[in-house]
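**Q** give me a 3D structure for the following:
(chains A and B)
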Amino acid sequence: MNRIQQKLKEDKKILSIYFTAGYPDLEDTVPIITALEQAGVDMIEIGLPFSDPLADGPTIQASSTAALRNGMRTDILFKQLKDVRKEVSIPLVIMGYFNPVLQYGVEAFCKKCEEIGIDGIILPDLPLDVYQEEYEAIFKAHGLLNIFLITPQTSDARIRQIDRGSNGFIYMVSSASTTGAKTGFGEEQNDYFKRIADMDLQNPQIVGFGISNAATFQQATSNAKGAIIGSAFIKMLSEKGTKGINSFVESIKTKI
Amino acid sequence: MKTYQADEKGYYGEFGGAFIPEMLYPNTEELRQNYLQIMADPSFQEEFHQLLKDYVGRPTPLYFANRLSEKYKTKIYLKREDLCHTGAHKVNNTIGQILMAKKLGKNRIIAETGAGQHGVATATVCALMGIECIVYMGEIDIARQAPNVARMKMLGAEVRPALSGSRTLKDATNEAIRDWINNPVNTHYIIGSVVGPHPYPDMVARFQSVISEEIKWQLREKEGRENPDYVVACVGGGSNAAGTYYHFLDNEDVGIIAVEAAGKGIHSGESAATSALGQVGIIHGSKTLLMQTQDGQITEPYSISAGLDYPGVGPMHANLYRSGRGEFISVTDDEAMTAGLLVSQLEGIIPAIETSHAFAIFDHRKFGPDDVVVINLSGRGDKDLQTYIDYFKL
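**A** Below is the predicted model of the structure:
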């Protein structure tokens, strides 16, 4: 069983952290991953930086631009991650945009991920139908879960379709927004979280976008299996660097 | 029959489609499900054509360029899109899309612009309809295209600087897409070229197809035949070219010629010749040819013409290139500027620098004395006067 599927079976709320590989410094990738595991994070999304990240707000854009300027490349990331499984055992997901994967070669990319011990991939701009027609067999052959997104605007019929096409979790975008655009959830989000919970989907949902602290983490996970923090973590990194990781994760896990 | 039009999923051969994050799916899906039906509606067609006639000034003339023809010993016709209201073909599309937005019940318009021509054409139709208009423009472009920024503001639009990435057209497009993600219900995004996710390339091509539709009947009047031997247009994203080729795409008796901007030379590192330098990839939701690093990062193109420096090309054109249906030629800054000056002095028409690239075709390629060559004169050169002045030290 894939590490993600195993983790989802645990009787706990999942805290997943996203960071951009190569930021703040090119060689920070593995130190960040090990520090996150030690701090008690359940899953990590390693961001493969892209020049034109359409779905991201200013924080992740800036970290991507900085990472590319630092010299991050797909092959460098794979080199950095080569021995990562000797150090960490929690699920690792690569999140990025489709074009860099396409240029690397989808098959070659998936093969590398399998060798390293990556468990899943999130490519927001690889649509469900294209994935199923052209790439699903490749992902599966390399033991990789492909994670799809839903938003408050996604129709019930399409959510069902995505649920049928998924075999890990569904990435539930909290509001109609780019990353890091909103702070805090209102009635609208709560209704949406409940609506999705009531659909009784076969895949658990993990909420992303707009989660920045213990309060939003608990709110997001009251109806969902877990939550993902990205922009707030990157903001912390840009202020305090890797030494701020432990206290950041602790602050999220504080019960309020 | 082999077709070079889009299929129902928005593919031109292997190019096109909709590679968009789920956040954009409802927006583009709403458009995809409705655009053909709305465009086929007689009341839509009537309003569209009425506005093209009374407001834009269509049909634009098809003019036999006597002195140019004499010089190059072939029959050259100019399709005078430069005479459209706002000075270029861009307005054909913005008129169509603003009517589309109204039919879809949208009350807020966003657009991207590079040189500012599409921004002005969008601000114009928003003023005409009394709809809120926000135009994203790269911070660098705002600085170098001050007159068009002023025009947009005077027309009542808000110009928002794109501060991310390279702060030019591709980043303005990213910002517009992000705005659409954040405003999925009330907003329509008027894309200015035949780029972006399906159905945009097909929809914009259909709105611009009025150009080739007119060429057909105008040429029948002048030459007694509907089909020229060649149609020629400059290609950045490719909207004027798509409109010029549209009704000739599937008639292989008509030669299709696309002229791209080579900038300072294809291999100079400062170029926008996407067909020559591009690889298959994804940009702004479309699978097409684009200029990128080996690692799949999108690179910044260069051309003296701000309207041609897009790192990708519309999927229709990528397919015309890849299939061999279209002949692609790239022209340097110097060749384009020289051709622009020549047309000014032989025909009394100062073309936009984008269009000057198309005129440089005659230095690259010979045509027979009886060949009928139609060049789309996509825009007028008023906006480029300063660049011409600096270049020629006028």
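**Q** mean confidence score for stretch B:203-223?
**A** In this model, stretch B:203-223 has a mean pLDDT of 98.
**Q** and the helices in the stretch 51-200 of chain A, which stretches?
**A** A:58-69, A:74-81, A:98-104, A:106-116, A:128-130, A:136-141, A:156-165, A:187-198 (DSSP state H, counting those that start in this stretch).
**Q** between these, which gets nearest to B:Phe359?
**A** Smallest distance to B:Phe359 across these (C-beta to C-beta): 34.3 Å, for helix A:98-104. (Each C-beta comes from the backbone N, C-alpha and C, glycine too.)
**Q** for that closest one, which positions count as buried?
**A** Of the residues in helix A:98-104, A:98-104 count as buried by neighbour count, 16 or more other C-beta atoms under 10 Å in any protein chain shown.
**Q** circling back: export the helices of the stretch 51-200 of chain A to TSV and tack on distance to chain B?
**A** Shown next, in TSV, are these (distance: least, C-beta to the nearest C-beta, whole Å):
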stretch	distance to chain B
helix A:58-69	5
helix A:74-81	6
helix A:98-104	3
helix A:106-116	10
helix A:128-130	7
helix A:136-141	16
helix A:156-165	7
helix A:187-198	12
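**Q** dump the ones you listed to CSV, plus mean pLDDT and distance to B:Pro184.
**A** CSV is the format used below for these (pLDDT from 0 to 100; distance: least, C-beta to C-beta, whole Å):
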stretch, mean pLDDT, distance to B:Pro184
helix A:58-69, 96, 19
helix A:74-81, 98, 31
helix A:98-104, 98, 21
helix A:106-116, 98, 29
helix A:128-130, 94, 18
helix A:136-141, 98, 28
helix A:156-165, 96, 14
helix A:187-198, 92, 13
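**Q** so which residues on chain B come close to chain A?
**A** Neighbours of chain A within chain B, by C-beta under 8 Å from any C-beta of the partner chain: B:17-23, B:25-26, B:164-165, B:170-171, B:174, B:177-178, B:181-185, B:279-285, B:292, B:294-299.
**Q** which of those residues fall in strands?
**A** Per DSSP state E, strands hold the following members of those: B:279-283.
**Q** which of these count as buried?
**A** B:280-283.
**Q** related to what we said a few turns ago, pLDDT added to the ones in strands among the residues of chain B next to chain A, as JSON lines?
**A** Written out in JSON lines, the entries for those read as follows (pLDDT from 0 to 100):
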{"residue": "B:Gln279", "pLDDT": "97"}
{"residue": "B:Val280", "pLDDT": "98"}
{"residue": "B:Gly281", "pLDDT": "98"}
{"residue": "B:Ile282", "pLDDT": "98"}
{"residue": "B:Ile283", "pLDDT": "97"}
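**Q** in JSON lines: those, plus distance to A:Lys82.
**A** Converted to JSON lines, those look like this (distance: C-beta to C-beta, whole Å):
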{"residue": "B:Gln279", "distance to A:Lys82": "27"}
{"residue": "B:Val280", "distance to A:Lys82": "29"}
{"residue": "B:Gly281", "distance to A:Lys82": "27"}
{"residue": "B:Ile282", "distance to A:Lys82": "28"}
{"residue": "B:Ile283", "distance to A:Lys82": "31"}
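**Q** show me the strands in the stretch 151-300 of chain B, by range?
**A** For the stretch 151-300 of chain B, the strands defined by DSSP state E, counting those that start in this stretch occupy B:158-162, B:187-190, B:230-234, B:255-263, B:279-283, B:286-290.
**Q** wait, which of these is closest to B:Ala336?
**A** Closest among these, using C-beta to C-beta: strand B:255-263, at 7.2 Å.
**Q** for the closest one, packing partners?
**A** Strand B:255-263 is packed against strand B:230-234, helix B:274-277, helix B:315-323, strand B:326-332, helix B:333-347, helix B:353-359, with contacts defined by 3 or more C-beta pairs under 8 Å, 6 or more residues apart in numbering or on different chains; DSSP states H and E.
**Q** mind telling me the two of the buried residues of helix A:98-104 farthest from one another?
**A** Most distant of these, by C-beta to C-beta, are A:Phe98 and A:Tyr104, 10.7 Å apart.
**Q** stretch B:150-157: how far from the chain's middle?
**A** Chain-centre distance of stretch B:150-157: 21 Å, with C-alpha atoms, centre = their mean, to the nearest Å.
**Q** and it, what's buried?
**A** Per 16+ other C-beta under 10 Å, stretch B:150-157 contains these buried residues: B:151-152, B:155, B:157.
**Q** check stretch B:264-282 too.
**A** By neighbour count with 16+ other C-beta under 10 Å, stretch B:264-282 contains the buried residues B:266, B:270-278, B:280-282.
**Q** do the same with stretch B:116-136
**A** B:116-126, B:131, B:133-136.
**Q** nearest to chain A, of the residues you listed?
**A** Set against chain A, the nearest of those by C-beta to the nearest C-beta is B:Tyr136 (13.0 Å).
**Q** doesn't that closest one lie inside a helix?
**A** No: using DSSP: H, G, I helix; E, B strand; the rest coil, the assignment for B:Tyr136 is strand, not a helix.
**Q** of all the residues in stretch B:153-170, which ones are buried?
**A** Those would be B:155, B:157, B:159-162, B:164-170, for stretch B:153-170 by 16+ other C-beta under 10 Å.
**Q** coming back round to it: which among the residues of chain B next to chain A end up buried?
**A** Judged by 16+ other C-beta under 10 Å, buried ones among the residues of chain B next to chain A: B:17-23, B:25-26, B:164-165, B:170-171, B:174, B:177-178, B:181-184, B:280-285, B:292, B:295-299.
**Q** residue 174: what's it in contact with?
**A** Using chain A. The neighbours of A:Ser174, taking C-beta atoms under 8 Å, 6 or more residues apart in numbering or on different chains as the test, are A:152, A:182, A:185, A:189, A:192-193, A:207-211, A:220.
**Q** nope, chain B
**A** Contacts for B:Asn174 were tallied using C-beta under 8 Å, 6+ apart; they are A:52-54, B:162, B:164-165, B:284.
**Q** check the gap between B:Tyr310 and B:Val120 for me.
**A** 17 Å (C-beta to C-beta, to the nearest Å).
**Q** how close does B:Ile361 get to chain A?
**A** Distance, B:Ile361 to chain A, using C-beta to the nearest C-beta, to the nearest Å: 32 Å.
**Q** surely that residue touches B:Ser330?
**A** No: counting by C-beta atoms under 8 Å, B:Ile361 does not reach B:Ser330; the two are 10.7 Å apart.
**Q** which residues are in contact with both of those two?
**A** Contact criterion C-beta under 8 Å, 6+ apart; residues shared by B:Ile361 and B:Ser330: B:Val259.
**Q** report how many residues lie close to the spatially closest residue to A:Gln202 that is not a sequence neighbour.
**A** Excluding the flanking residues, the one nearest A:Gln202 by C-beta to C-beta, 6 or more residues apart in numbering or on different chains is A:Asp163, at 5.7 Å. Residues near A:Asp163, counting by other C-beta atoms under 10 Å in any protein chain shown, number 17.
**Q** and if you look at B:Arg206?
**A** So B:Arg206, with other C-beta under 10 Å, has 21 neighbours.
**Q** close enough to count as contact, it and B:Ala40?
**A** No: here B:Arg206 lies out of contact with B:Ala40, judged by C-beta under 8 Å, at a distance of 10.4 Å.
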